[in-house]
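**Q** Got a predicted structure plus its sequence, pasted below:
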There are 2 protein chains.
Amino acid sequence: MKVSRATLQRYPVYLKALRKLKEEGIKRIMSSELSRLVNIQSTTIRRDFSLVGHLGKQGVGYDVDELIDILEDELGINIDEKIILVGVGNLGHALLKYNNWDNVIGKIVCGFDKYPERVKDVDIPIFDIKDLPSKMPKDCRIAILCVSSEVQNTVNLLADNGIVSIVDLTHEHFNAPKGVHVRCVDIVSTIMELVFETSEFNKE
Amino acid sequence: MKVSRATLQRYPVYLKALRKLKEEGIKRIMSSELSRLVNIQSTTIRRDFSLVGHLGKQGVGYDVDELIDILEDELGINIDEKIILVGVGNLGHALLKYNNWDNVIGKIVCGFDKYPERVKDVDIPIFDIKDLPSKMPKDCRIAILCVSSEVQNTVNLLADNGIVSIVDLTHEHFNAPKGVHVRCVDIVSTIMELVFETSEFNKE
DNA sequence: GGCAATTTGTGAATACTTTGACAATTCTTA
DNA sequence: TAAGAATTGTCAAAGTATTCACAAATTGCC
């Protein structure tokens, strides 16, 4: 089955809201109530959920715990994805130290950097980027890209070594090799969107 | 005029690609060529550009420098937005040190934290979050949210003090007060989306 | 200057997403 | 056990976004 990108982007939103409900001890939720929490129409929510199966009960609603489990399964959270961190400078280092990854998919298994010896105070091995082909973990498909130079070369290197998904934290444009999925996580772009969205230009 | 969210999200992508072209000394670009670079159909690009004015010349293409200037203007980059950083822990601190913000909108003018005295080695003043109402800069509308607890209370506090746009870097769900725009920047959600997108489940 | 080769900008057609409406199902209570 | 209240799941309608197709504009060349 094919899930639309729009739906895909809503699943993590639902998950966060559901986890909060679970924390508060709430066992059951109706689409109308969830709608109020996440600002998404209840029909859209029901349709999104129905794509992964019959998760609710008519006349009753959804079981919070069950919903979380199923969404996590579908989102691959319980799958043990190996992730590598490429570029362990300021930002990369902060990501590693940012221990709020409590509900994380997989695990960052190692890092690569041009100057691995400069990286201090981390719990995973950091290798020289030159050794990437030999040190690349088996079955690793996801890379977090935090380098600040040689972006295109690094991307090509990753693609050549089996990476199919890149989380891009650089601010630079690069060409994604064929078959490689890229998602950009960029605060600056996000701020731009917010500024534009709230600007006078973007009215009626 | 009303620009769709889809279009809005493409502008920063165009900008990055155009800046790279400019760096390479390229003066002119056609929609078909840009299309190849950013993986967006040329018609879509032309329509997106046409929304902000007649930027191209028939038979010729677009002037790279001009395009960058206009997009930056429209995206508010040259507007001097004041931004505050709320929560200066590991991640917040890294954002401040991450000096790659070369093409940034506005400026982070100050930070707020529960333990301001613990924050070392930064160039902007860090205030106690308790003093936010009195220390909030004039005309500041955008906040970057990096706190790891009391998320909802913090959000309410921000809304009460004039913030209308929040860049959310927490992993938690919260209710956005009326009139407040939120954009979530979340690596974990991004990874989820990538995993799902490339998973077996999401086929045909 | 005029004609051929390009390439933009845009109306119309197509494709995709969200929303409205309601049948089907479940729970509760008498 | 049957009737009433509540809420999901889904078909169809409405609303958005993308793509096609081509007219309009520009350049270069003979």
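**A** On my side now, so go ahead.

**Q** residues making contact with the longest strand along chain A?
**A** Longest strand in chain A, counting residues (DSSP state E): strand A:107-113. The contact list for strand A:107-113 (CB atoms under 8 Å, 6 or more residues apart in numbering or on different chains) reads A:80-89, A:92, A:95-96, A:119, A:122, A:124-129, A:131-132, A:135, A:137, A:140, A:144. (Each C-beta comes from the backbone N, C-alpha and C, glycine too.)

**Q** Filter those down to the ones in helices?
**A** Under the assignment DSSP state H, the contacts of strand A:107-113 contribute A:92, A:95-96, A:132, A:135 to helices.

**Q** Just to check, residue A:95 is in contact with residue B:186?
**A** No - under the criterion of CB atoms under 8 Å, residue A:95 is not in contact with residue B:186, lying 12.0 Å apart.

**Q** need the contact list for the closest residue to residue A:172 other than its chain neighbours.
**A** For residue A:172, ignoring the flanking residues on the chain, the nearest one in space by CB to CB, 6 or more residues apart in numbering or on different chains is residue A:151 at 4.8 Å. For residue A:151, the contact set (CB under 8 Å, 6+ apart) comprises A:145, A:170, A:172, A:174.

**Q** Quick check: bridge partners of the first one?
**A** The reference is to residue A:145. With DSSP bridges applied, residue A:145 shows beta-bridge pairing to residue A:86, residue A:168.

**Q** number of nearby residues for it?
**A** If you count neighbours by other CB atoms under 10 Å in any protein chain shown, residue A:145 ends up with 24.

**Q** my guess is it meets residue A:166, correct?
**A** Yes - the pair residue A:145 / residue A:166 is scored as a contact, 5.4 Å apart, by CB under 8 Å.

**Q** any common contacting residues for these two?
**A** Listed as contacting both residue A:145 and residue A:166 by CB under 8 Å, 6+ apart are A:155, A:158.

**Q** For residue A:68, pull up the helix or strand it's in.
**A** Using DSSP states H and E, residue A:68 sits in helix A:64-74.

**Q** Buried residues of the longest strand of chain A, list them for me.
**A** The neighbour-count criterion (16 or more other CB atoms under 10 Å in any protein chain shown) identifies A:108, A:110-113 as the buried residues of strand A:107-113.

**Q** now swap in stretch A:144-160 and tell me
**A** Buried positions in stretch A:144-160, judged by neighbour count with 16+ other CB under 10 Å: A:144-148, A:151, A:154-159.

**Q** Among those residues, show me the least confident.
**A** The lowest pLDDT within those belongs to residue A:148, with 88.

**Q** ok, back up a step: check whether the helix holding residue A:68 comes into contact with DNA strand C.
**A** No - against DNA strand C, helix A:64-74 shows no contacts by CB under 7 Å from any atom of the strand, the least distance being 13.0 Å.

**Q** What mean pLDDT does that helix get?
**A** 91.

**Q** what does that helix contact?
**A** By CB under 8 Å, 6+ apart, the surrounding residues in contact with helix A:64-74 are A:11, A:14-15, A:18-19, A:21-22, A:26-29, A:49, A:52-53, A:55, A:78, B:196, B:201.

**Q** Domain-wise, how is chain A divided?
**A** For chain A, automatic domain parsing gives the domain ranges A:5-74, A:82-189.

**Q** does any bit of the shortest one sit next to DNA strand D?
**A** Yes - under the criterion of CB under 7 Å from any atom of the strand, DNA strand D is reached by domain A:5-74 at A:30-32, A:42-43, A:46-47, A:49-50, A:54-62.

**Q** Which stretches in chain A count as strands?
**A** Using DSSP E, the strands of chain A run over A:28-29, A:56-57, A:61-63, A:82-86, A:107-113, A:126-128, A:142-145, A:165-168, A:181-184.

**Q** residues from chain A in reach of DNA strand C?
**A** Residues of chain A that fall close to DNA strand C, judged by CB under 7 Å from any atom of the strand: A:4-7, A:40-41, A:43-44, A:47, A:57-60.

**Q** Out of those residues, which is nearest to chain B?
**A** Lowest distance from chain B to the residues of chain A next to DNA strand C (CB to the nearest CB) belongs to residue A:5, with 7.9 Å.

**Q** Let me see the contact set for the closest one.
**A** By CB under 8 Å, 6+ apart, residue A:5 lies in contact with residue B:197.

**Q** Look up how far residue A:144 lies from it.
**A** 21 Å (CB to CB, to the nearest Å).

**Q** If we ignore the residues flanking it in sequence, what's nearest residue A:125?
**A** Leaving aside its sequence neighbours, residue A:125 sits nearest to residue A:110 (CB to CB, 6+ apart; 4.8 Å).

**Q** Skipping its backbone neighbours, what lies nearest the closest residue to chain B within chain A in space?
**A** In chain A, the residue found nearest to chain B is residue A:94; the distance is 3.1 Å by CB to the nearest CB. Spatially, and ignoring its direct neighbours in sequence, residue A:94 is nearest to residue B:94 (3.1 Å; CB to CB, 6+ apart).

**Q** residues in contact with that neighbour?
**A** If you count contacts by CB under 8 Å, 6+ apart, residue B:94 has them with A:90-91, A:93-95.

**Q** Output the below-cut-off pLDDT ranges for chain A.
**A** By pLDDT under 70, the low-scoring segments of chain A are A:1, A:77-79, A:99-105, A:200-204.

**Q** center of it - which residue?
**A** The C-alpha lying nearest the average C-alpha coordinate of chain A belongs to residue A:167 (CA atoms, centre = their mean; 7.6 Å).

**Q** wait, that residue sits on residue A:155?
**A** No - with contact defined as CB under 8 Å, residue A:167 does not reach residue A:155; the gap is 12.0 Å.

**Q** where do the contact lists of those two overlap?
**A** Listed as contacting both residue A:167 and residue A:155 by CB under 8 Å, 6+ apart are residue A:145.

**Q** circling back to that earlier point, would you mind finding the most buried of the domains of chain A?
**A** Neighbour counts (mean count of other CB atoms under 10 Å in any protein chain shown) averaged over each of the domains of chain A peak at domain A:82-189, with a mean of 18.

**Q** Tell me how far residue A:74 lies from residue A:51.
**A** With distances taken as CB to CB, residue A:74 is found 9 Å from residue A:51.

**Q** Residue A:87 too?
**A** Between residue A:87 and residue A:51 the computed distance is 36 Å (CB to CB).
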